[in-house]
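> Sequence plus the predicted model coming up.
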Amino acid sequence: MSTDPAAPAAPADLSGSAGPAAPAPFTADEYRARMARAAESAAEAGLTGLLIAPGPDLVYLTGYRPPTDLERLTLLVLAAGRDPVLVVPALEAPDAHQAPGAAAFTVLDWTDGKDPYALTAPLLAPDGRFAVSDNTWALHLLGLQSRLPGSGYTALTDALPMLRAVKDAREVELLRAAGAAADEAYGEILKVRFAGRAESEVAADLAALLKHFGHSQVDFTIVGSGPNGANPHHEAGSRTIADGDMVVLDFGGLKHGYGSDTTRTVHVGEPSAEERRVHDVVREAQQAGFEAVRPGAACQDVDRAARQVIADAGYGEYFLHRTGHGIGVTTHEPPYLVEGEDRPLVPGMCFSIEPGIYLPGRFGVRIEDIVTVTEEGGRRLNTTGREMAIVE
């Protein structure tokens, strides 16, 4: 946390409090079931199989989180009716064998100086059509194509966009816990001083609070003050926050492997009548989006409900982005709540609802909660107040 003597100190109990014990890891049987469902979904979509490179899909399917920035081939091969095989560099094989889902797949390793594509090709049908995880290196896809010129490939998100979208009860609980940790961070950040400090200082405080409340990974800490708040993805910078500023706080990351993402907009000192009105409009839009959540409704219905409130208030042109995105083992994933997405909501889907109004050169307002679909409608996984908080 900041050591600025002008900033109120964090409560003393932050330094030594112990969080709850980590949840039990997913079992090999759970990973086996995930891989089987994925392979079956691929077959139903007319695909021969799935090719999964390091990234969120591999973590979700196997529990294995190898380095993602290495040029050596790591690839999970899934196909209906065949046992899963994870191709790895020999130096990574010991870690692969220790993965939570290792009992559910076979490890096939290759050594430097050998051709990993020649090793992998026999696992694939020569004229098969495969969905490839979105973050697969082009180097590896081209290597496979050179060995199997009759094969075809498509992006996994295009072929199976809902692969990770519907969460089971344990996943929802992990998302709830991550959201609760972010909520605790928000409660503490309201106690620090904003005026006279750089955006980057407040962002550092937020990151430290997320870590304190159990996040292993901080993905973003957006602090957009005054006119910077009109940029939805503003990076916290050197601007000094001043009395009278509206400040957008958007922050999140991973706790026990599942994501948090919440936004609240605060004000330094007393806001103007216009600032209160804009904040109220966004709050009403966020509530309208939440109330539109129910099984069978289309994703776009949530976007439409929130957007209509903002348009009716005369700010339609200043709502610049979709209303929401899915969240799980990564903070952005399908489903997306946007016009044109008519996919129905089903219980277990988890996503953000985050409308905003952005007035160029002046200020912005965004309010965001993570929501899960239940049989009865929607349930918020963030529970902090959505009214405008006044900070010093």
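Ah, there it is.

> For the closest residue to Ser151 other than its chain neighbours, what are phi and psi?
Spatial nearest neighbour of Ser151, chain neighbours left out: Gly128 (5.4 Å); criterion: CB to CB, 6 or more residues apart in numbering. In short, each C-beta sits where N, CA and C put it, glycine included. Backbone dihedrals for Gly128, given as degrees, to the nearest 10, come out at phi -80, psi 160.

> Isn't Gly128 up against Gln145?
No: when contacts are counted by CB atoms under 8 Å, Gly128 is not listed as touching Gln145 (11.8 Å).

> Mutual contacts of the two, please.
Ser151 (CB atoms under 8 Å, 6 or more residues apart in numbering).

> sorry, back to before: contact partners for the residue nearest to Ser151?
Gly128 is in contact with Thr48, Gly49, Leu148, Ser151, Gly152, counting by CB under 8 Å, 6+ apart.

> The last one contacts Ala131, correct?
No: under the criterion of CB under 8 Å, Gly152 is not in contact with Ala131, lying 10.2 Å apart.

> These two: who's more crowded?
Ala131 (26 against 12; other CB atoms under 10 Å).

> so what's the more buried one closest to, chain neighbours aside?
Nearest to Ala131 is Ala159, by CB to CB, 6+ apart, at 4.0 Å.

> quick one: the one you found and Gly269, what's the gap?
To Gly269, Ala159 is 52 Å away according to CB to CB, to the nearest Å.

> re earlier: and which of the contacts of Gly128 is nearest Gly377?
Gly49 (37.2 Å; CB to CB).

> Contact partners for the closest residue to the closest one other than its chain neighbours?
Distances taken as CB to CB, 6+ apart put Ala79 closest to Gly49, at 3.4 Å, once the chain neighbours are dropped. Taking CB under 8 Å, 6+ apart, we find Ala79 in contact with Ala39, Ala42, Ala43, Thr48, Gly49, Leu50.

> wait, the fourth one sits on Ala131?
No: taking CB under 8 Å as the definition, Thr48 is not a contact partner of Ala131, at 9.2 Å.

> Between these two, which contacts overlap?
By the contact definition CB under 8 Å, 6+ apart, Thr48 and Ala131 are jointly contacted by Ala42.

> Could you double-check that Leu156 sits in contact with Asn135?
No: if you go by CB under 8 Å, Leu156 and Asn135 don't touch, sitting 9.5 Å apart.

> Which one of these two is surrounded by more residues?
Each of Leu156 and Asn135 has its neighbours counted (other CB under 10 Å); Leu156 has more, 25 against 14.

> Now do the helices in the stretch 151-300 of the chain.
With helices called from DSSP state H, counting those that start in this stretch, the stretch 151-300 of the chain shows them at 156-159, 169-189, 199-212, 273-291, 299-312.

> so which of the ones you listed comes closest to Thr111?
Short answer: helix 156-159, nearest of those by CB to CB, at 28.3 Å.

> Flag every buried residue along the closest one.
Leu156, Ala159 (16 or more other CB atoms under 10 Å).

> before we move on, what about stretch 192-209?
192-195, 197-199, 201-209.

> got it, and stretch 377-392?
Result for stretch 377-392 [16+ other CB under 10 Å]: buried residues Gly377, Gly378, Arg380, Leu381, Asn382, Thr384, Arg386, Met388, Ala389, Val391.

> One more: stretch 333-351?
For stretch 333-351, the neighbour count (16+ other CB under 10 Å) marks Glu333, Pro334, Pro335, Tyr336, Leu337, Val338, Glu341, Leu345, Gly348, Met349, Cys350, Phe351 as buried.

> Remind me which helix or strand the fourth one belongs to.
Assigned by DSSP states H and E, Tyr336 belongs to strand 333-337.

> what's next to that strand, contact-wise?
So strand 333-337 is contacted by 56, 157, 161-162, 164-165, 289, 299-300, 302-303, 322-327, 341, 343, 345, 349, 351-353 (CB under 8 Å, 6+ apart).

> Partner strands of that strand and their direction?
Next to strand 333-337 in the sheet, as set by DSSP bridges, lie strand 324-326 (antiparallel).

> Could you pull up the mean pLDDT of the partner strand?
For strand 324-326, the mean pLDDT works out to 98.

> distance of the residue lying farthest from the centre of the chain from Gly328?
Most distant from the centre of the chain: Gly113, at 37.3 Å, with distances by CA atoms, centre = their mean. In this structure, Gly113 and Gly328 are 38 Å apart, going by CB to CB.

> what's the distance between the residue nearest to Ser151 and Ser238?
According to CB to CB, Gly128 stands 53 Å off from Ser238.

> Kindly report the same for Ser216.
For Ser216 relative to Ser238 (CB to CB), the value is 28 Å.

> of the two, who's got more company?
More crowded of Ser216 and Ser238, by other CB under 10 Å: Ser216, with 12 against 8.

> I'd say the more buried one and Leu254 touch.
Yes: using CB under 8 Å, Ser216 makes contact with Leu254 at a distance of 5.9 Å.

> What residues does the closest residue to Met349 other than its chain neighbours make contact with?
Distances taken as CB to CB, 6+ apart place Val373 nearest to Met349, at 4.6 Å, with adjacent residues excluded. For Val373, the contacting residues are Val293, Arg294, Pro295, Leu345, Val346, Pro347, Gly348, Met349, Cys350, by CB under 8 Å, 6+ apart.
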